[in-house]
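A.B. asks: Quick one: sequence plus predicted model below, questions after.
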Amino acid sequence: MQYKILALDLDGTLTNTDKIITPRTKAALQAAAQKGVCIVLASGRPTVGIEPLAKELELEKYGGCILSYNGGKIIDCKTGETLVQYAFPEDLIEPVCTFSRYWNVVPLTYDRNGIVTEDPASPYVQEEARINRIPARQVENLPAEVTYPINKLLLTGDPADMPHVEELMQQEFAGKLSICRSQPFFIETMPLGVGKDTSLEILLRAKGLTPANLMACGDGWNDLPMIRLAGLGVAMGNAQAPVKAAADWLTADNDHDGVGLVVEKFILEEN
């Protein structure tokens, strides 16, 4: 069996528009796990926002992993062990928040209870809360509040403004942070060098595997690195144009079992 690790983005990929794993896709993934495939739920979401889907797929039983914070952390679902961990540079929290305020975007991060932000009423903060099913807590000054290690800061704002904001941020923090968009209204900011691909490379090496053994499915800009890394990079039918261009295979969209179909074809039907 060539593909021994299956990395799946969540929003727009594994889950449909209603944020649900459809029955056909769920059945295909559980069958793949029973064949020994390590399923990695690879998302920009915080760990707490991924755990319900990991439990639904019974990854604690089969030994799958949660890759959260866009690669900032990987947890083995079976053992609970943290396999990969990157901390956001403490000295850059204040500059990122100052940059965000200037360009009228709202930064947020997370604590053990949910989202922490200066503007929980923002519709884009509310969307992050809805996606992860966690509450958003208001603080007066986010940098002053963050006295504990974090894995990323998420910038949220109007989709019409975010391409320009991302371009400016890439210039401002060049050589200091990894920056990419995960949704039209989200900009992920992580420690330098962190991405879904770099963390997956560590996981592959730990298991004695190579990128040829990796199949990765995604739809967004932040999925591009792992799509390019994988032996089989799969773009969803609803994927952004650059993801489709980089992929080896194009499957159906997330409302029509795109993940389930490609797992059936390349894993379950493999001789």
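C.D. replies: That came through fine.
A.B. asks: give the contact list for the spatially most central residue of the chain.
C.D. replies: Using Cα atoms, centre = their mean, the residue of the chain that lies closest to the mean C-alpha position is Ser43, 1.6 Å off. Residues in contact with Ser43 (Cβ atoms under 8 Å, 6 or more residues apart in numbering) are 9-11, 49-50, 67-68, 70. Placement of C-beta: from N, CA and C, glycine included.
A.B. asks: what sits opposite the residue nearest to Ala247 when sequence neighbours are not counted in the beta ladder?
C.D. replies: Using Cβ to Cβ, 6 or more residues apart in numbering and skipping the chain neighbours, the partner closest in space to Ala247 is Ala235 (3.6 Å). Note on Ala235: beta-bridge partners by DSSP bridges are Gly218, Leu250.
A.B. asks: ok, now how distant is Ala235 from Ala27?
C.D. replies: 22 Å (Cβ to Cβ, to the nearest Å).
A.B. asks: who has more neighbours, the two?
C.D. replies: The neighbour count for Ala235 versus Ala27, taken as other Cβ atoms under 10 Å, is higher for Ala235 (28 against 16).
A.B. asks: re the thing from before, closest to Phe99 among the contacts of Ser43?
C.D. replies: Nearest to Phe99 among the contacts of Ser43, counting by Cβ to Cβ, is Asn70 at 18.6 Å.
A.B. asks: In terms of helices and strands, where is the closest residue to that closest one other than its chain neighbours?
C.D. replies: In this structure, Asn70 finds its nearest non-sequential neighbour in Gly44, 4.3 Å apart by Cβ to Cβ, 6+ apart. For Gly44, there is no enclosing helix or strand under DSSP states H and E.
A.B. asks: Could you pull up phi and psi at Gly44?
C.D. replies: Torsion angles at Gly44 (phi, psi; degrees, to the nearest 10) stand at phi -80, psi -10.
A.B. asks: Let me see the ranges of the helices in the stretch 101-250 of the chain.
C.D. replies: Here the stretch 101-250 of the chain has its helices, by DSSP state H, counting those that start in this stretch, at 123-132, 142-145, 162-172, 196-206, 224-229, 241-246.
A.B. asks: mind listing what's buried in the fourth one?
C.D. replies: Right, helix 196-206. By neighbour count on 16 or more other Cβ atoms under 10 Å, the buried set for helix 196-206 is 196-201, 203-204.
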